[in-house]
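**Student:** Predicted model and sequence below, questions to follow.
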Amino acid sequence: MIEKLKKFPFYIILLPVFFVWHGFTENSMLLNRTDVALLIAYYTIPSVILYILVGLISRNWQKAALFTAACLTIFFFFGAIFDFLQKHSPFAFFYRYSTLLIVFTLLLVALALWLKRTDKSFTKLFLFINSLLLIYLLIDTVSITRSKLFTGNTFTQPVIHIPDNCKKPDIYLLLYDEYASSAALQQQYHFHNNLDSFLTQRGFRVLPGSRGNYNYTHFSMASMLNMDYLPLSQNVYTKGSYFSCFPRIRENYVVSFLEANGYNTTNLSIFDIGKQTAFSDKSFLHIKTTVITENTLLSRIQRDLPAVLLKVKFLSFLIPESYSYLASSLQIMERVKNVSATASTRPRFVYAHLYMPHWPYYCDRNGNPFPAGQWKDTGSYPAKYLEYLLYTNTQIEKLVAAIQQNTHNEAVILVMGDHGLRFGKERPYYFPNFNAVYLPDSNYSQFYDTITNVNEFRVLFNTLFRQQMPLLKDSTVFLEHSSANWRDEGK
């Protein structure tokens with residue numbers, strides 16, 4: 001075995017495998033084995049192809065392996081190097097993209113020239129690199145095995161039976177990310193939201209004082225779907241508290257309650273729910289894998305230099321289609337329409353989570369696209385947000401009309417935001433969310449104007465199924481972001 005480790009460059013495969021596996025170890029609550037397997041293949045196959053091409057050119061397979069490994073190291077760990085320099089370097093010059101790309105290019109050229117001239121044997125170096133990566137993989141495997149063994153759901157509640165004489169209508173939860181309440185938009189920006197009147201005319205009850213309980217999506221949804229506040233040791237957004245939300249959402253009480261009472265669940269959200277994985281479009285890799293891929297050289301260029309890519313025509317193909325959350329949202333809404341038009345022998349709970357009107361802001365009210373370089377332009381608040389919200393309204397109106405037509409107005413529909421618009425220093429506005437409820441019998445007596453998300457399903461189940469779930473105190477929890485613990489892109 002040692003002789004093989006000295007002779008063969010297993011590290012050409014081990015390096016991408018380690019990169020993905022280590023990322024999986026750190027994000028095991030978010031990713032599943034299918035995501036990891038696809039991502040390993042996605043990186044391993046090009047790595048082997050690069051090795052073969054360099055070997056054919058150099059006609060020396062040992063030297064080709066070392067040069068390929070150097071390229072892969074820069075590619076996979078560019079983000080970590082950049083972040084380290086940004087944090088510790090006293091001068092911005094040392095972590096500019098132009099500086100780093102020039103330095104890495106010169107290093108690769110110098111390495112290629114040295115490899116061409118040297119006659120050294122690399123058996124000891126091969127043994128060291130192969131052994132080191134195998135040891136790292138073993139450590140990560142032990143770590144992830146332990147985490148899987150000792151991570152459990154300790155926040156379950158006893159499931160209550162719905163009386164047999166209660167109707168069980170289909171329930172549609174249409175969650176529009178960062179959709180602020182109409183009252184808050186009027187107070188902040190003097191914006192009149194025409195969606196209120198549209199939904200009211202269709203029999204909805206709009207709850208003007210509704211608020212989300214947390215200022216971040218994952219916390220808000222973990223709380224809402226479990227109908228309870230989260231047991232956070234402190235009100236700080238850290239990597240640990242963030243990832244604790246995923247098992248809570250996956251094994252949430254709302255779905256457990258409904259499925260135990262005969263409901264089928266259709267998950268069209270950004271989360272895994274039970275055994276149903278998060279919605280994915282037809283792209284090869286799921287968007288969740290960005291927690292691993294975001295540190296690669298390509299991902300950093302795509303994220304930080306879109307304006308440069310747009311200016312250089314032959315590089316414009318690098319602008320990722322995966323940024324198009326709008327395309328996924330439109331696909332989800334079409335799926336909801338199709339589900340509502342399909343007969344079912346069992347009642348359904350449909351959870352659709354749309355990443356709109358949350359940034360990136362792709363288009364104006366008429367669907368005319370903004371330039372790609374302006375999608376994440378936070379300097380254009382609130383103008384682009386409000387334009388994109390009006391476009392979102394158009395899509396909501398089409399979807400609601402389709403559901404009501406296909407279900408003959410017999411389905412419960414919740415049109416909600418998870419939290420308010422998080423912009424500026426006025427924290428109270430981070431929580432007011434849009435909230436409108438449609439009940440076939442129009443029995444809205446228990447739905448009160450100042451409800452918060454944690455009580456949404458408590459009131460709904462009390463109304464629909466004659467439950468007696470006590471309401472919790474309506475309050476909000478502002479989570480301070482701990483940048484020292486984790487770099488977040490602001491969901």
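**Tutor:** Arrived safely. Owing to the predicted nature of the structure, the values given are computational and were not obtained by experimental measurement. Numbers count the residues shown, from 1 in each chain.

**Student:** can you list the weak-confidence ranges in the stretch 1-150 of the chain?
**Tutor:** 147-150 (pLDDT under 70).

**Student:** what residues are up against residue 241?
**Tutor:** 219, 232, 479 (C-beta atoms under 8 Å, 6 or more residues apart in numbering). Where C-beta positions appear, they are placed from N, C-alpha and C, glycine not excepted.

**Student:** Could you find the closest non-adjacent residue to the last one?
**Tutor:** Nearest residue to residue 479 in three dimensions, chain neighbours excluded: residue 237, at 4.3 Å (C-beta to C-beta, 6 or more residues apart in numbering).

**Student:** for the host helix or strand of residue 291, packing partners?
**Tutor:** Assessed by DSSP states H and E, residue 291 sits inside helix 290-293. Applying 3 or more C-beta pairs under 8 Å, 6 or more residues apart in numbering; DSSP states H and E, one finds that helix 290-293 makes contact with helix 11-26.

**Student:** what element comes up after the helix it packs on heading to the C-terminus?
**Tutor:** With elements assigned by DSSP H and E, the helix or strand that comes after helix 11-26 is helix 33-58.

**Student:** List the buried residues of that next one.
**Tutor:** Across helix 33-58, burial judged by 16 or more other C-beta atoms under 10 Å covers 35-36, 39-40, 43-44, 47, 50-51, 54-55.

**Student:** Show the subsequent helix or strand relative to that helix.
**Tutor:** Next element after helix 33-58 (DSSP H and E): helix 61-88.

**Student:** For the helix or strand just after that next one, give me every contacting residue.
**Tutor:** Per DSSP H and E, the first helix or strand lying C-terminal to helix 61-88 is helix 97-117. For helix 97-117, contacts defined as C-beta under 8 Å, 6+ apart pick out 58, 60, 63, 66-67, 70-71, 74, 78, 81-82, 85, 93, 301, 304-305.

**Student:** tell me the angle helix 97-117 makes with helix 33-58.
**Tutor:** Angle, helix 97-117 to helix 33-58, by axes from the mean of the first three to the mean of the last three C-alpha atoms, to 10 degrees: 50 degrees.

**Student:** Identify each buried residue in the helix or strand just after helix 97-117, please.
**Tutor:** Heading C-terminal from helix 97-117, the first helix or strand you meet, by DSSP H and E, is helix 123-150. By 16+ other C-beta under 10 Å, the buried positions in helix 123-150 come out as 125-127, 129-130, 133, 137, 140, 144.

**Student:** Distance of residue 3 relative to residue 132?
**Tutor:** Here the criterion is C-beta to C-beta, to the nearest Å. By it, residue 3 lies 17 Å from residue 132.

**Student:** Can you get me the start-to-end distance on stretch 225-233?
**Tutor:** Start-to-end span of stretch 225-233 (C-alpha to C-alpha, to the nearest Å) is 20 Å.

**Student:** Determine how far it lies from the middle of the whole chain.
**Tutor:** Offset of stretch 225-233 from its chain centre (C-alpha atoms, centre = their mean, to the nearest Å): 20 Å.

**Student:** With stretch 110-121 instead?
**Tutor:** Centroid separation between stretch 110-121 and its chain, computed with C-alpha atoms, centre = their mean, is 44 Å.

**Student:** And the contacts of helix 97-117, which of them are buried?
**Tutor:** Buried by 16+ other C-beta under 10 Å: 63, 66-67, 70-71, 74, 78, 81-82, 85, 301, 305, out of the contacts of helix 97-117.

**Student:** Look up phi and psi at the residue located most distally from the centre of the chain.
**Tutor:** Ranked by distance from the centre of the chain (C-alpha atoms, centre = their mean), the top residue is residue 119, with 49.4 Å. Residue 119 adopts backbone torsions of phi -120, psi 20, taken as degrees, to the nearest 10.

**Student:** Could you do residue 266 as well?
**Tutor:** Torsion angles, degrees, to the nearest 10, at residue 266: phi -120, psi 110.

**Student:** give the contact list for the spatially closest residue to it that is not a sequence neighbour.
**Tutor:** Nearest residue to residue 266, sequence neighbours excluded (C-beta to C-beta, 6+ apart): residue 350, at 4.5 Å. Neighbour list for residue 350: 170-173, 265-266, 268, 336, 339-340 [criterion: C-beta under 8 Å, 6+ apart].

**Student:** before we move on, what about residue 174?
**Tutor:** Residues near residue 174 by C-beta under 8 Å, 6+ apart: 336, 352, 354, 396, 399-400, 413-416.
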